[in-house]
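**Student:** sequence unavailable; structure follows:
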């Protein structure tokens, strides 16, 4: 059973940068896709970014593209989300997720098999 553990969240000021990590433990981790989602208080979970684990193709939410960068280290079984120019509106719990098989869409959370516990990111103005 694969487990995902996020880290790197915390308090930041507007304009700061944070890098989130998502480490996979357990049996050999070879997902098709790793994604990042976030959920702010009182709001629905929303897609942030995703990466195809093998080929490295990346996908982003249109509203975040340019500020956030997703990457992965296959050898370390770790995915990353670099967040730059943070804004108070980025305040949310950030979750990483993995899809074992190709699902077509990377934007739909329900298509991912495994989720981390989340890491809180709070951005003050």
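**Tutor:** Now that the structure is in, tell me what you want to look at. The structure presented is a predicted model; accordingly, all values stated were derived computationally and were not measured. Numbering: from 1, shown residues only.
**Student:** what sits against the residue nearest the centre of the chain?
**Tutor:** Geometric centre of the chain, nearest residue: residue 36, 2.3 Å, by CA atoms, centre = their mean. Residue 36 makes contact with 20, 22, 48-50, 70, 79, 81, 94-97 under the criterion CB atoms under 8 Å, 6 or more residues apart in numbering. Yep, even glycine has a C-beta here, placed from its N, CA and C like the rest.
**Student:** what helix or strand is it located in?
**Tutor:** Assigned by DSSP states H and E, residue 36 belongs to strand 33-39.
**Student:** and the angle from the helix or strand just after that strand to strand 33-39?
**Tutor:** Using DSSP H and E, the next helix or strand after strand 33-39 towards the C-terminus is strand 46-52. Relative orientation of strand 46-52 versus strand 33-39 (axes from the mean of the first three to the mean of the last three CA atoms, to 10 degrees): 170 degrees.
**Student:** packing partners of strand 46-52?
**Tutor:** Using 3 or more CB pairs under 8 Å, 6 or more residues apart in numbering; DSSP states H and E, the elements in contact with strand 46-52 are strand 33-39, strand 58-60, strand 68-73, strand 78-83.
**Student:** skip the chain neighbours and tell me the closest residue to residue 27.
**Tutor:** residue 2 (6.3 Å; CB to CB, 6 or more residues apart in numbering).
**Student:** what number of residues lie near that neighbour?
**Tutor:** 16 (other CB atoms under 10 Å).
**Student:** pretty sure it sits against residue 24.
**Tutor:** Yes - between residue 2 and residue 24 there is a contact at 5.5 Å, judged by CB atoms under 8 Å.
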